[in-house]
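Asks: predicted model and sequence below, questions to follow.
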Amino acid sequence: MVRTGPALLLAMVNPLLCSPGFCSGQRYTPGVSVPSGRVGEPRADGSCARVAPMPSPDRSLTVVVTAHRLGAMVEDCVRSLRTSVDDRIRFLLVDDGSGDDTPERLAAAARRTPNTELLALPRNVGVAAARMTALEHLETDWVTFLDGDDWVARNYFPRLFDEVLAAGVDWVRVDHVASRGKQRILTRIPDINRAGRIGVPRESILSARTSSVDFAHSWSGVYHRRLVDDGSLYFPTELRTAEDRPTIWSLHLRVPEFTVARTVGLHYRLGLSTSLTQTGDDRQLDITESMRQVQQLVLADRDAEKFLPKVWKTWAGLFAWHWEHRARLTPRLRLRFAREAGALLDTADQPELQRVVRAMPESKRQAIESLRRTAALTNPRRTASLTGVGR
């Protein structure tokens with residue numbers, strides 16, 4: 001587990017159990033822990049007491065919400081959570097060392113939302129480490145995730161959790177709604193194991209087409225804590241982006257059963273200028289380390305030979321996309337990305353990689369060829385032959 005030093009853990013607040021004036025007057029002070037007390041009992045420091053104990057942990061769900069420098073936007077997210085208030089569900093709001101007014105906004109939201117805690121990290125550690133820290137505070141047997149700039153439909157989590165408990169498996173995936181402005185697009189995980197049909201995740205790893213393993217979002221699933229305890233569900237804390245890629249492969253390789261829920265209601269916000277997917281700094285280069293870790297996971301698997309072509313196909317698709325959008329990177333970062341991505345592509349079986357690239361759309365194929373030519377220029381000693389790639 002990641003070690004992040006002291007964190008602020010605000011007590012769960014239920015405004016229905018505390019007097020209105022008492023709750024509204026609670027003050028959030030960064031770096032100060034708020035002690036718990038009996039339900040409805042004012043404390044000496046003027047804070048609210050903890051709510052009554054949650055139901056049995058095996059019938060309870062924690063929703064981990066991570067936020068970094070989101071400001072007012074995070075209030076939309078928490079406002080949507082209030083429509084999912086349920087005795088079985090607790091919300092853990094994690095501020096990842098924002099350094100702005102985000103933690104104060106989260107603290108105010110926690111006071112107004114039953115069964116809610118705030119975990120305020122003293123410094124920015126990245127979303128992967130923030131999630132791992134949240135998992136250290138997990139008290140329920142079920143967990144899911146939500147990004148602080150997204151939101152959910154009314155009564156989403158209670159309906160989803162009902163379906164999870166009925167499924168009887170440790171991993172239930174969810175579809176989502178891609179939201180850009182007023183546009184809404186239902187995005188389904190391409191898998192037949194849904195609506196009550198149980199499947200084997202590793203059998204959904206296909207090399208020929210887009211499959212469940214390509215939908216690498218931590219929030220697109222509900223997980224039993226057994227998957228945390230056995231290491232199947234983890235987030236590489238050294239990755240600042242693409243941290244969900246090793247996670248999704250680990251789950252597909254190690255979890256024995258899964259299904260896709262009927263319930264839909266998570267809105268994934270697209271097109272934000274502040275999103276990590278839109279940044280042009282060196283965090284984008286973590287995609288190469290993420291893909292290297294995916295290959296290491298597969299190489300350690302009994303069916304490595306079967307799954308490696310899918311890994312290389314994923315590399316080609318992602319690296320082509322990043323190279324097509326290289327204008328957002330500085331010239332130095334472009335060369336570094338080409339060098340690192342090219343070196344990783346060199347570790348693939350070259351005849352198989354050539355077949356993969358030839359089958360790609362023309363623009364993607366040209367992007368991979370350009371990337372590898374640039375990589376060769378950055379390291380003249382590379383021995384991998386580029387002749388014939390994509391031809």
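Replies: Right, received. Where do you want to start?
Asks: contacts for stretch 265-274, please.
Replies: Contact with stretch 265-274 is made by 69-70, 146-147, 149-154, 156, 159-160, 174, 176-181, 184, 187, 217, 219-220, 275, 278, as judged by CB atoms under 8 Å, 6 or more residues apart in numbering. For glycine as for every other residue, the C-beta is placed from the backbone atoms N, C-alpha and C.
Asks: buried set for that stretch?
Replies: Within stretch 265-274, the residues that count as buried by 16 or more other CB atoms under 10 Å are G265, L266, H267, Y268, R269.
Asks: nearest to P201 among the residues you listed?
Replies: Nearest to P201, judged by CB to CB, of the buried residues of stretch 265-274 is L266 at 20.0 Å.
Asks: what bridges to that closest one?
Replies: Beta-bridge partners for L266, by DSSP bridges, are V152.
Asks: same question, T187
Replies: With DSSP bridges as the rule, T187 is bridged to H176.
Asks: so who does it touch?
Replies: Residues near T187 by CB under 8 Å, 6+ apart: D175, H176, V177, A178, Y268.
Asks: of the contacts of stretch 265-274, buried ones?
Replies: With neighbours counted by 16+ other CB under 10 Å, those contain buried members at 69-70, 146-147, 149-153, 156, 159-160, 174, 176-177, 179, 217, 219-220.
Asks: just the CA atoms of stretch 333-346, as PDB, please.
Replies: Taking C-alpha atoms only, stretch 333-346 is exported to PDB below (Å, rounded to 0.1, in the frame of the first residue of the first chain):
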ATOM      1  CA  LEU A 333       8.600  15.200 -25.000                       C
ATOM      2  CA  ARG A 334       7.600  14.100 -28.500                       C
ATOM      3  CA  LEU A 335      11.100  12.600 -29.000                       C
ATOM      4  CA  ARG A 336      11.000  11.000 -25.600                       C
ATOM      5  CA  PHE A 337       7.600   9.400 -26.300                       C
ATOM      6  CA  ALA A 338       8.800   8.100 -29.700                       C
ATOM      7  CA  ARG A 339      11.900   6.700 -28.100                       C
ATOM      8  CA  GLU A 340      10.100   4.900 -25.200                       C
ATOM      9  CA  ALA A 341       7.100   3.700 -27.300                       C
ATOM     10  CA  GLY A 342       9.400   2.600 -30.100                       C
ATOM     11  CA  ALA A 343      11.600   0.600 -27.700                       C
ATOM     12  CA  LEU A 344       8.500  -1.100 -26.300                       C
ATOM     13  CA  LEU A 345       7.200  -1.900 -29.700                       C
ATOM     14  CA  ASP A 346      10.600  -3.500 -30.500                       C
END
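Asks: what's the offset of that stretch from the middle of its chain?
Replies: From the chain centre to the centre of stretch 333-346 is a distance of 25 Å (CA atoms, centre = their mean, to the nearest Å).
Asks: ramachandran angles for T116?
Replies: With angles defined as degrees, to the nearest 10, T116 sits at phi -130, psi 140.
Asks: should've said V94
Replies: For V94, the backbone dihedrals (degrees, to the nearest 10) come out as phi -120, psi 110.
Asks: likewise for R197?
Replies: phi -80, psi 130.
Asks: can you tell me how far it is from V152?
Replies: Distance, R197 to V152, using CB to CB, to the nearest Å: 24 Å.
Asks: equivalent analysis for L335, please.
Replies: Distance, L335 to V152, using CB to CB: 42 Å.
Asks: and for T187?
Replies: As judged by CB to CB, T187 and V152 stand 15 Å apart.
Asks: any idea which element the closest residue in space to E243 that isn't next to it in sequence lies in?
Replies: Spatial nearest neighbour of E243, excluding adjacent residues (CB to CB, 6 or more residues apart in numbering): A128 at 3.9 Å. Assigned by DSSP states H and E, A128 belongs to helix 127-136.
Asks: list the contacts of that helix.
Replies: Under CB under 8 Å, 6+ apart, the answer for helix 127-136 is 1-2, 4, 7, 64, 66, 68, 92, 94, 96, 119, 121, 125, 143, 145, 147, 218, 228, 233-240, 243, 276.
Asks: and the chain, what are its domains?
Replies: Domain ranges of the chain: 61-269, 282-378, per the TED database.
Asks: deepest-packed of these, please.
Replies: Mean neighbours per residue, mean count of other CB atoms under 10 Å, is largest over those for domain 61-269, with a mean of 20.
Asks: can you tell me the distance between the two ends of that one?
Replies: Terminal residues of domain 61-269 are spaced 23 Å apart (CA to CA, to the nearest Å).
Asks: let me know the average pLDDT across it.
Replies: Averaging pLDDT along domain 61-269 yields 96.
Asks: ok, then the element right after the helix or strand hosting L92?
Replies: Secondary structure assignment for L92, by DSSP H and E: strand 89-96. The helix or strand immediately downstream of strand 89-96 is helix 102-112, counting by DSSP H and E.
Asks: tell me which other helices or strands that next one touches.
Replies: If you count contacts as 3 or more CB pairs under 8 Å, 6 or more residues apart in numbering; DSSP states H and E, helix 102-112 packs onto strand 8-10, helix 20-24, helix 73-81, strand 89-96, strand 116-121.
Asks: just want the angle from it to strand 89-96.
Replies: Helix 102-112 and strand 89-96 are oriented at 170 degrees to each other (axes from the mean of the first three to the mean of the last three CA atoms, to 10 degrees).
Asks: so helix 102-112 versus helix 73-81, what angle?
Replies: Interaxial angle, helix 102-112 versus helix 73-81 (the same axes, to 10 degrees): 20 degrees.
Asks: list the contacts of the helix ranked longest in the chain.
Replies: Among the segments of the chain that qualify as a helix by DSSP state H, the longest is helix 304-324. By CB under 8 Å, 6+ apart, the residues outside helix 304-324 that reach it are 205-207, 211, 213-214, 253, 284, 287-288, 291, 294-295, 298-299, 301, 337-338, 341, 344-345, 348-349, 352-353, 356-357, 360, 363-365, 367-368, 370-371.
Asks: quick one: average pLDDT of it?
Replies: What helix 304-324 shows for mean pLDDT is 97.
Asks: what about the helices in the stretch 101-250 of the chain?
Replies: Remark: helices assigned in the stretch 101-250 of the chain by DSSP state H, counting those that start in this stretch are 102-112, 127-136, 156-167, 225-229, 244-254.
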